[in-house]
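**Q** sequence below, structure please.
(2 chains)
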Amino acid sequence: MRFFFYAPQNMTSLTIATWNVNSLKVRLPQVLDYMQTQPVDVLCLQETKMTDDVFPLQALTDAGFHVSFTGQKTYNGVAIISRTPQTDIQKNLPNFEDPQQRLIAATIQGVRIICAYVVNGQALDSDKFEYKMSWLGALHAYMQSEIAAHPKLALVGDFNIAPEDRDVHNPEKWIGGNLVSPQERAALAGLIELGLTDAYRLFEQPEKSYSWWDYRQMGFRRNAGLRIDLILLTKSLADTCSSCVIDKEPRRHEQPSDHTPVLATFAL
DNA sequence: ATGGCAAATATGATTTGA
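**A** Purely as a prediction, here's the structure:
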């Protein structure tokens, strides 16, 4: 005897995840395992750290996935892996001349998915911070037109900004510094004001929830982390969001990325 | 007070990350 569960007609479930893998070369086995064992339909990756000519396209397509990617040597690089086809693939911000490969977008099952690796910024008085702020400015302009064009949209990725003090394990130590500065938070608030919602905060969540932990000082075991990997949703997509979780399991693996996946599920 | 880990790079000392 078996029990059958019927989904309502015209109702499909979609799970989108974002994961900064800190080198896809090192993490490819974990990524393949994740897609093969977890109910994830779309996996957005950041910090692939490889040029397109060495991207493991064959391994991913052999496993049955659709893939889009744009990368560079050593740093940055983004990719989208999905179970169903991707259309209207956009690589990089169209309004920002940028040698660094930090953004890729695709439409999957009627949802516009934008995978971003926001600039780290290093320190507030550095050139890199200036670059971070101008990159975020260009992202804002791009999102304005993307949101207008795509009612169902998810902007996901490593934002390198902790939205609030509760997203920082030790706010008194980090306060005002890179990743938590008022300037960066204002830029994030600007994106939110375009009509986006932080999916994680749509639901009740455990206290001290983070998506990144320092490799040093046993950061993960001490839960010395930051929540900087975000899933931002337009209203009409947020209305269909049934859960958003941080999956800490991959951070427990051997040779883990310092980030762990964040997942959101939708009833489309 | 500082660095402490990991990844990549013509691989051995440096840069970057967050």
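**Q** do stretch A:182-200 and DNA strand B meet at all?
**A** No: in terms of Cβ under 7 Å from any atom of the strand, no part of stretch A:182-200 sits within range of DNA strand B; the closest distance is 11.3 Å. For the C-beta atoms, the positions are set from N, CA and C on the backbone; glycine is no exception.
**Q** contact partners of stretch A:205-214?
**A** By Cβ atoms under 8 Å, 6 or more residues apart in numbering, the list of residues contacting stretch A:205-214 from outside reads A:20, A:166-167, A:169, A:200, A:219-220, A:223-229, A:246, A:251, A:258-260, A:262.
**Q** let's see it at 7 Å
**A** Around stretch A:205-214, the neighbours that count as contacts under Cβ atoms under 7 Å, 6 or more residues apart in numbering are A:169, A:219-220, A:223-229, A:246, A:251, A:258-260, A:262.
**Q** what of stretch A:46-59?
**A** If you take Cβ under 7 Å, 6+ apart as the criterion, stretch A:46-59 is touched by A:20-25, A:28, A:32, A:67, A:69-79, A:117, A:157-158.
**Q** list the buried ones in that stretch?
**A** A:Q46, A:E47, A:T48, A:K49, A:M50, A:F55, A:P56 (16 or more other Cβ atoms under 10 Å).
**Q** how much space separates the second one from DNA strand B?
**A** Right, A:E47. In this structure, A:E47 and DNA strand B are 6 Å apart, going by Cβ to the nearest atom of the strand, to the nearest Å.
**Q** mind checking pLDDT for that residue?
**A** According to the predicted model, the pLDDT of A:E47 comes to 98.
**Q** what does the stretch 101-250 of chain A have sitting close to DNA strand B?
**A** Where the stretch 101-250 of chain A comes near DNA strand B, counting by Cβ under 7 Å from any atom of the strand, the residues are A:119-120, A:122-123, A:128, A:158, A:160, A:178-179, A:212, A:215-217, A:226, A:228.
**Q** kindly give a single PyMOL line that selects the buried subset of the residues you listed.
**A** For anyone working in PyMOL, the buried entries among these, judged by 16+ other Cβ under 10 Å, can be selected with:
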select buried, chain A and resi 119+120+158+160+178+179+212+226+228
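**Q** for the residues of the stretch 101-250 of chain A next to DNA strand B, work out which two are farthest apart.
**A** The two members of these with the most space between them (Cβ to Cβ) are A:V119 and A:Q217, at 24.9 Å.
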